[in-house]
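# Next comes the sequence, and after it the predicted model I'd like to discuss.
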Amino acid sequence: MRTRILIFFIVGLLIFFLDVAFNSDESDKDIYISDQELTSLITAWKSQVGRNPTDEEIVKIINNLVEEEILYREALSLGLDKEDRIIKRRLAQKITFLKQETLPENPNQEILEQFYNEHKERYFTKPSYSFTHLFFAQDTDSERRSIQALQDLLDDKAPIDSDPYFLGKNFTDKTIEEIARNFGNDFIVAFDHLESNQWSGPFESSFGHHLVLLRDYKDGFFPSFNTIKDQVLNDYFTQIKENAVEQYINDVKSEYRIIINPNLEF
Amino acid sequence: MKLSKSSIVIIVALGIFLIYMFGQSESSLEIVDFSMDKPEAPTTSIASNENRNPYYGDLHVHTKYSFDAYVFGITATPDDAYRYAQGEGIKHPLGYEMKLREPLDFYAVTDHGIYMGMMEAYADTSTKISQNSWAIPIHNINSPENLNDGSFATRANLFSSLIRGIIINPYPYWHPKVIRAWFTKNTALALKSFDYDVHKSAWADVARAAEEHNNPGKFTSFIGYEFTSSTNVEGGNLHRNVIFNSSKAPIRPWSRIDSINPEDLWTWMDKLRDKGVDSLAMPHNSNGSNGQMFEMETFRSYPIDTIYSEKRMRNEPVVEITQVKGTSETHPLLSPDDEWADFAIMDKRIGSRPPTYSMAPGGYVRDAYLRGLSLSWTRQGNPYKFGLIGSSDSHTGAGAYDENNYWSKVGLLDGTAEARGAVPLTAERVEMLKEYSKEYRQPLGISEEEQGTYTAPGFFDQWGASGLAVAWAEENTRDSIFKAFKRKEVFATTGTRMAVRFFAGYDMQSIDLNSESLIKEAYAKGVTMGADLMAEGTQSPDFLVWAQRDKNGTPLQRIQIIKGWIDPTSSTPYEMVYDVVCSDGLSVDPLTHRCPDNGARVDINDCSISQDVGSAELKTTWSDPDFNPEAKSFYYVRVLENPTCRWSTWDAIKAGYKPRSGLHQTIQERAWTSPIWYIPQKGDLDIIPLGGTFRTVN
């Protein structure tokens, strides 16, 4: 209890001196330090250090608090918040969250279908390839061996002298991205001009040379609205949320004038 | 009427007993189905490969719902995290973009169970709970004036206080919430710092995101969380991630508020399994456990018995060997003869302030495997027969796996090269650290060096760009990948996308290494990583190992097999590192078991590496030259890439400095497989070791 009285006393004194020091009677120069704020700081202090702060330390805690507040306000009055990227970004984020918060009501079938048609490309199922390949490992004269093997295949000679590939021989329904992940980016050029059921190559990958036999190609397609209705609904809501911000920006944009130096060289 | 003292006692005891039997319910066992009505992909046939594919993922990622991630300035949501895993770029709290070079196959957001979602509620001054006095230091911590790396001191301090549970603040015992807490076995309800509704909705959002992004055949996500426990006083890290195999999960995560004893976590998981919800727990950062992750006794210091061993193995089939906060394979003090042991060593207790040394024995997996053999020698079962994975533990929602594209993991605290100790500090930052030191009575964490003042060594500078979990599974579905973890057919990498196969059997030599059916035959004739190989008389087994480089990474340098065993007459543990196949056609020296230098070098000035050195793949069969059919043994594979620049070297070069002295300038990215355990035949004489128990023979 005694410390609390002491705290009030010190706080009162500080405010008094500050008031004198800044010689101000404007209310925005008042710094209110709530009981709650102060006791919480002292509690935090205790939990850190494991004992009560001494009078001297309490004065320091309060001074720090007051100084921080003063510096913060002075910084504001100097407009230091104005050109700070981090502050801007955070505030922008805050208003974004605010604008996204309102949940829209369920759309009817028509609106959903319209949404689906407008964003069809999002639901596009990519083309896929099913193929078999023969692998000739790097550092084993792979190019020459693969050319020889292709000749042998054309001449119906068996057996073909190839190496086992780490990820296997047969690949089913792989998109170009997946093929790149299994063979490296250089390899996908092979799939530009493949003819079905015909050995071609050699094509180079990150691991060696390959001959490829395309077994099946599935064209990309747009799934019908009914099969993916729930997903469309989900995406619709996400879109609404994102649009809310865009909408808001558009609404207020007209009030702004943007000036850029057209002659800036860089 | 006057009751005697003893009858009052009996009535009270009976009352308590009845309430206990019929009154208490377990809120943590209430199961919720989080599945959503999602259409099956129109092309539903998922190509399944009976020889299995390697799927790459990360099972340890935090978002804004973690109490500490929020303090670190993270605003990424679970949705952001899953988008990142599938290849989209997301924002770091310091403003730059984080993006993967190649998408991942699976991912799990594992926010801390304790206080999940609460920190955001504290910081938002409009919530009721934020009006409590202890929440005030957190108010608006991520508000504009605070969202920069200048708020380091407050953040670091808050983190330590939180992890030690200082904020926990119970209601008085007579409070209705305390009574409700007791009746529902939900201790957290009795804490003023807890709002159950906020907590549940955060958990539900984590589960929803996992469900929404799970796309069978293309991308797998798991509902999961982190059980963030540590020992009292010492602060030995006992953290585990828990993932569920289905859309069904409990209504709330079981956290350290329920119990700090991992054995209680397993009991809970066992009970959930009885209700049809399977899960697994994965310990991590054993390196920061002060030797308490893999102890020779239980949490409460009882001897380990077979019941404990089986329970641990049933719930914890895999361990995270590597992540940003260091690698826990082994330590130079534990493996003085292993030239690669001094790799990514992080020797501080997790969350300790000031940074406090963590003892090595009991904290590293190779040591744990040997301890497991010793425990089974004394017939206590083997609780340390786990497989290996890597993960990042990123708190930004986005794992940093590349040395030259590294943001560490705790957001504002280590998001810049100077904060991580790779380049000298600015004068302003030095002042800040001095203030922090004074204000919080911490050692002054700076170090004067040739190029300037750095953060003191031994903290963020010990962290690294690691790691990934890789599962050998038939297809990219939750079920298939989860099963791979259960049977330990998994391996860990330090972030590289290399891949490795490992088999053992008695007829491996008969397999033609150049045959297309190599893998099929290997599955048929032997066992693979994570399995037991039973003795066949006194026959010596053969091992088949095959590794493929990361197509966008660095070529391979060598494959090693690491063997550990205990002597069958003395039980002394031993370990040995064998190089088994070398790059560039070089051969292993049979006396030293080492490959010759392949000549791969790194230019420290620009991080360029030797061209045309190293191999795209390495493959061999190997037999153990020192095989003893009577010795309980384990074998695991370590694959090494050619050396490359460490992240700290990249950071220094990009900022125009020389690499900081005292840090490793290069690293060798690597992968570790789960071991294969060799189980000797039981001898004619049933030896009963001194001090051993008679209960079960293992």
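That came through fine. Numbers count the residues shown, from 1 in each chain, chains lettered A, B, ... in the order given.

# For the stretch 551-698 of chain B, what lies in contact range of chain A?
Counting by Cβ under 8 Å from any Cβ of the partner chain, the residues of the stretch 551-698 of chain B lying close to chain A are B:551-552, B:585, B:615-617. Just so you know, the C-beta spots here come from the backbone N, C-alpha and C atoms, and that holds for glycine as well.

# ranking those by neighbours, who comes first?
Using other Cβ atoms under 10 Å in any protein chain shown as the neighbour test, those are led by B:S615, with 25 neighbours.

# Quick check: closest non-adjacent residue to that one.
Sequence neighbours aside, B:S583 is the residue nearest to B:S615 in space, at 4.1 Å (criterion: Cβ to Cβ, 6 or more residues apart in numbering or on different chains).

# re the thing from before, in helices only, show me the residues of the stretch 551-698 of chain B next to chain A.
Of those, none are assigned to helices by DSSP state H.

# from those residues, which single one is nearest A:H193?
Of all these, A:H193 sits closest to B:K551, with 22.9 Å by Cβ to Cβ.

# these two touch, right, the closest one and A:G208?
No: counting by Cβ atoms under 8 Å, B:K551 does not reach A:G208; the two are 11.5 Å apart.

# Give me the buried positions along stretch B:398-417.
B:398-403, B:406-417 (16 or more other Cβ atoms under 10 Å in any protein chain shown).

# contacting residues for residue 83?
In the absence of a named chain, chain A is used. Counting by Cβ atoms under 8 Å, 6 or more residues apart in numbering or on different chains, A:E83 touches no other residue.

# other chain: chain B
Counting by Cβ under 8 Å, 6+ apart, B:R83 has contacts B:90, B:213.

# ok but it is inside a helix, no?
Yes: looking at B:R83 with DSSP: H, G, I helix; E, B strand; the rest coil, it is inside a helix.

# Is A:Q239 in a helix, a strand, or coil?
Strictly by three-state DSSP, A:Q239 counts as helix.

# Is chain A within reach of the host helix or strand of B:K434?
Taking DSSP states H and E as the criterion, B:K434 maps to helix B:427-440. Yes: under the criterion of Cβ under 8 Å from any Cβ, chain A is reached by helix B:427-440 at B:Y440.

# Would you list the phi and psi of the residue of the stretch 551-698 of chain B found nearest chain A?
When scored by Cβ to the nearest Cβ, the stretch 551-698 of chain B has B:K551 as its residue closest to chain A, at 3.8 Å. Main-chain dihedrals, B:K551, degrees, to the nearest 10: phi -60, psi -30.

# just to revisit the earlier point, next SSE downstream of the helix holding B:K434?
Counting by DSSP H and E, what follows helix B:427-440 is strand B:446-449.

# List the contacts of that following strand.
B:424-425, B:430, B:433-434, B:453-457, B:660-662.

# pLDDT (mean, whole number) over it?
For strand B:446-449, mean pLDDT is 94.

# Also stretch B:640-649?
98.

# same question, stretch B:547-555
96.

# For chain B, give me the ranges with low pLDDT.
B:1-3, B:14-24, B:37-44, B:70, B:119-169, B:193, B:685-698 (pLDDT under 70).

# Considering only helices and strands, which part of chain A has the lowest mean pLDDT?
helix A:85-100 (a mean of 70; mean pLDDT, DSSP states H and E).

# State the next helix or strand along the chain beyond that helix.
Next element after helix A:85-100 (DSSP H and E): helix A:109-118.
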